[in-house]
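> Pasted the sequence and its predicted model underneath.
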Amino acid sequence: MAIPNLQVALDHNRIEDALKDALAVGNEVDIIEAGTILLLNEGDKAIKCLRSAFPDKVIIADTKCADAGTTVAKNVALAGADWMTVICCATIPTMEAANKEVKSLQVELYGDWTFEQAQQWRDAGIDQAIFHQSRDALFAGATWTESDLNKIRRLIEMGFKVSATGGLTKDTLKVFEGIPIYTFIAGRGIYATENPAQSAREFKEEIKRIWG
Ligand code: 5RP
């Protein structure tokens with residue numbers, strides 16, 4: 001089983017704070033994400049700063065795009081993003097349009113979606129999905145369940161590279177043991193700790209311990 005990637009999600013309000021943490025952890029992680037919160041506040045400047053600081057890293061624009069796929073994807077690609085996200089309720093034409101403009105498109109799974117839709121995403125040439133425990137659901141007491149893990153397994157069987165995210169800490173990773181997760185995405189579990197670089201290293205060590 002391949003060793004899952006580690007992605008840091010920069011959900012800061014201001015680019016200065018995001019960049020400070022990106023510089024601290026960038027070399028510890030595999031993938032850097034300009035988070036939705038950061039993009040909404042700072043726009044494509046956030047992607048440009050991250051690209052100029054990390055010319056060789058995979059950079060993701062977590063746009064959670066719902067419409068205007070071509071324009072949004074062209075804009076983030078022009079700013080330097082490799083991949084971007086679309087929300088699972090976006091139409092297939094929106095996803096197909098966005099997918100033409102970026103190196104890879106990821107469907108963010110929130111709320112209600114079906115495996116029939118998931119097959120349509122696969123048929124549209126999309127091979128990445130993000131299984132998400134929403135921040136608000138977690139605040140309301142949600143947690144990872146066997147039903148979530150079974151959905152992840154089924155998506156992987158369908159050919160998706162599946163990322164898992166939502167309030168992850170290094171101690172949550174063992175819940176996914178035995179599942180070939182493509183990438184773990186962690187935000188606050190890295191940047192909101194006392195020593196973000198050390199936390200990123202601990203995530204990596206735990207991933208290697210479980211999947212290595
Ligand atoms: C929120 C997101 C976050 O970037 C992602 O869930 C990681 O954040 P955290 O680890 O802090 O929950 O996409 O919409």
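Perfect, thanks for sending it.
> The residue lying closest to Ala129 once chain neighbours are set aside: neighbour count?
Leaving aside its chain neighbours, Ala129 sits nearest to Phe160 (4.5 Å; criterion: CB to CB, 6 or more residues apart in numbering). Every C-beta, even on glycine, is put in place using the N, C-alpha and C of the backbone. Around Phe160 there are 23 other residues, counting by other CB atoms under 10 Å.
> quick one: Phe160 from the ligand, how far?
For Phe160, the distance to the ligand (CB to the nearest ligand atom, to the nearest Å) stands at 17 Å.
> ok, now Asn5?
With distances taken as CB to the nearest ligand atom, Asn5 is found 14 Å from the ligand.
> Lys151 too?
With distances taken as CB to the nearest ligand atom, Lys151 is found 17 Å from the ligand.
> ok, now Ile207?
Applying CB to the nearest ligand atom, the value for Ile207 to the ligand is 15 Å.
> I'd assumed that residue was in a strand, is it?
No - for Ile207, which was evaluated using DSSP: H, G, I helix; E, B strand; the rest coil, the result is helix, with no strand membership.
> Asp127 is in contact with the residue nearest to Ala129, correct?
Yes - in this structure, Phe160 sits in contact with Asp127. The criterion is CB atoms under 8 Å, and the distance is 6.1 Å.
> so what's Phe184 bridging to?
Applying DSSP bridges to Phe184 gives these bridge partners: Leu6, Ala164.
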